[in-house]
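Q: pasting the sequence and the predicted coordinates here, then a few questions.
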Amino acid sequence: AEADAVRPGRPLLLGIRLQMEEGWHTYWRNPGDSGLATRVRWQLPQGFSAGEIQWPRPMRFSTGPLVSYGYERDVLLLVEVTVPPAVPGREVRLAGRVDWLECLEACIPGKAELALALPVRPASAPGPQAALFAEARRRLPVKDAGWGFAARPGGDGFLLDVRPPRGTTLREAWFYAAAPRVVDHAGPQTLAREGTAHRLTVP
């Protein structure tokens, strides 16, 4: 947990940390051509509810003709838990089962039953893992008003027009579709300059 206590009526940020040995990887919300996204099934006290996983920006993996998206070494998947305004007792237990797929040349399914007990207090302080949460937040995709985007059909795919902030030049870009069956993950994505904008062709 990011905080050292549960505060009634205030959201609580939890994290599922995956640490992988060298060369191994797990998967993003859209795994691409192969793989499975990490899933969590929560067991929470009455009145508590867990939001969707907040996915950090993924890496792109190429294995033969396949392209997948995911994480190497260390990743913290953030989940915001809604806490009811009244929490009985002095402590709550937050639990869940995590399922993931970890791959090198072969893939191994993994699972873990996790639980965390936290005190209930009117105030909280940063927990012992707060620095991990700060780093995970830095890896989340963000909206930036300085960038402009527009997409339209084109050829056998679509064209993504990108207007970066003044003084920014793109040398390489990839479009990662959050949903499956939107793009040809292994297909070539070409970037071309058009005046002050760039155009990314995505199959």
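A: That came through, no problem.
Q: quickly note the distance from the one residue sitting closest to the centre of the chain to Val83.
A: Centroid-nearest residue in the chain: Trp55, 0.9 Å away (criterion: CA atoms, centre = their mean). Distance from Trp55 to Val83, counting by CB to CB, to the nearest Å: 23 Å. C-beta: built from backbone N, CA, C; applies to glycine.
Q: pull the number of nearby residues for the residue lying closest to Thr82 once chain neighbours are set aside.
A: What sits nearest to Thr82 in space, not counting adjacent residues and going by CB to CB, 6 or more residues apart in numbering, is Ser49, at 4.8 Å. Residues within reach of Ser49, counting by other CB atoms under 10 Å, total 11.
Q: you'd agree Ser49 is up against Val83?
A: No: when contacts are counted by CB atoms under 8 Å, Ser49 is not listed as touching Val83 (9.1 Å).
Q: and the strands in the chain, which stretches?
A: 12-19, 25-32, 39-43, 49-50, 59-63, 66-72, 74-82, 91-103, 107-119, 148-154, 157-163, 190-194, 197-202 (DSSP state E).
Q: so what strands line up beside the first one?
A: When pairing is defined by DSSP bridges, strand 12-19 lines up against strand 74-82 (antiparallel).
Q: who touches the partner strand?
A: If you take CB atoms under 8 Å, 6 or more residues apart in numbering as the criterion, strand 74-82 is touched by 11-20, 26, 38, 40, 44, 48-56, 94, 132-133, 135-137, 140.
Q: for that strand, output the C-alpha coordinates as PDB.
A: Taking Å, rounded to 0.1, in the frame of the first residue of the first chain, the C-alpha atoms of strand 74-82 are listed here in PDB:
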ATOM      1  CA  ASP A  74      10.300  -5.000 -12.100                       C
ATOM      2  CA  VAL A  75       6.900  -3.500 -12.500                       C
ATOM      3  CA  LEU A  76       4.300  -2.200 -10.000                       C
ATOM      4  CA  LEU A  77       0.700  -2.400 -11.200                       C
ATOM      5  CA  LEU A  78      -1.400   0.200  -9.400                       C
ATOM      6  CA  VAL A  79      -5.000  -0.300  -8.300                       C
ATOM      7  CA  GLU A  80      -7.100   2.300  -6.500                       C
ATOM      8  CA  VAL A  81      -9.400   1.000  -3.800                       C
ATOM      9  CA  THR A  82     -12.500   2.900  -2.800                       C
END
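Q: and that strand, average pLDDT?
A: Averaging pLDDT along strand 74-82 gives 97.
Q: relative to strand 66-72, how tilted is it?
A: 80 degrees (axes from the mean of the first three to the mean of the last three CA atoms, to 10 degrees).
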